[in-house]
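> show me how the following folds:
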Amino acid sequence: MIETSRRRDIEDAASSLFRERGYAATSVRDIARALDIQGPSLYAHVASKEDVLWAIVDRVACRFEEAARVSSDVDAAPPDRFAGLVRGHVGVVVSDVGQASVFVHEWRHLSGPRRQAVLLRRDAYEALFRDVIRDGIADGSFVMTDPSLAATFVLTALNGITGWYRPDGHVGPTQLGDVYADLAVRSLTEASR
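Have a look, this model is predicted:
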């Protein structure tokens, strides 16, 4: 259990530094300094800085996937399914803004197979949004639009939360999820003027 706790401490410290400075500008020594340990001691817990990034990105990707799974009621109407996806996404972002920010902005620093794995997972996740939009267009609950562009629009707005959300701010997680879900659904249901 101590190993798991130390590993989590490392990932939390790295998340803060990656978010603040960026992955490329953060060294293993910086992470060790944030934990008040010697750089070589860090290698007793992690093999490399990229391994830490991978652990963060993989954990957040799993959270997004699980939130989508839990929020998807296949029997619900497309607007309700879409609102559920949006609320789930917002919930993951606000539950740990630092790690969500690392996922959104720093995953590109992963190399080779890890980067490809994240790309595939991101594409599959975005496809959930596109598919619900297509279903809504097909049943007439959403206006005619390009499902890929609409999904990108919504996910870009949702991921933008990582740049400004503060847990001690004026809006709580549930209210934020509800507002964003309402805005996202309305963007697909109200005809342009």
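> next one: the residue most central in space within the chain from Val185, what distance?
The centroid of the chain falls nearest to Ala100 when counting by Cα atoms, centre = their mean (4.7 Å). Plainly put, Ala100 is 22 Å away from Val185 if you go by Cβ to Cβ, to the nearest Å. Glycine gets a C-beta too; all of them are placed from N, C-alpha and C.
> now do the helix or strand of the chain with the lowest mean pLDDT: which elements does it pack against?
Using mean pLDDT, DSSP states H and E, the weakest-scoring helix or strand in the chain turns out to be helix 39-42, at a mean of 74. With contacts taken as 3 or more Cβ pairs under 8 Å, 6 or more residues apart in numbering; DSSP states H and E, helix 39-42 sits against helix 28-34.
> got the contact list for the helix it packs on?
10, 13-14, 16-17, 21, 38-39, 41-43, 48-49, 52 (Cβ atoms under 8 Å, 6 or more residues apart in numbering).
> the helix ranked longest in the chain: which residues count as buried?
Scanning the chain for the longest helix, with DSSP state H as the assignment, gives helix 112-139. By 16 or more other Cβ atoms under 10 Å, the buried positions in helix 112-139 come out as 114, 117-118, 121-122, 125, 128-137.
> what do you get for stretch 176-186?
For stretch 176-186, burial by neighbour count (16+ other Cβ under 10 Å) applies to 176-178, 180-181, 184-185.
> and stretch 86-106, by the same measure?
86-94, 96-106.
> what sits up against that stretch?
For stretch 86-106, contacts defined as Cβ under 8 Å, 6+ apart pick out 11-12, 14-16, 18-19, 22-23, 53, 56-57, 59-61, 63-64, 67-68, 70-71, 154-155, 158-159, 161-163, 165-167, 173, 176-178, 180-181, 184-185.
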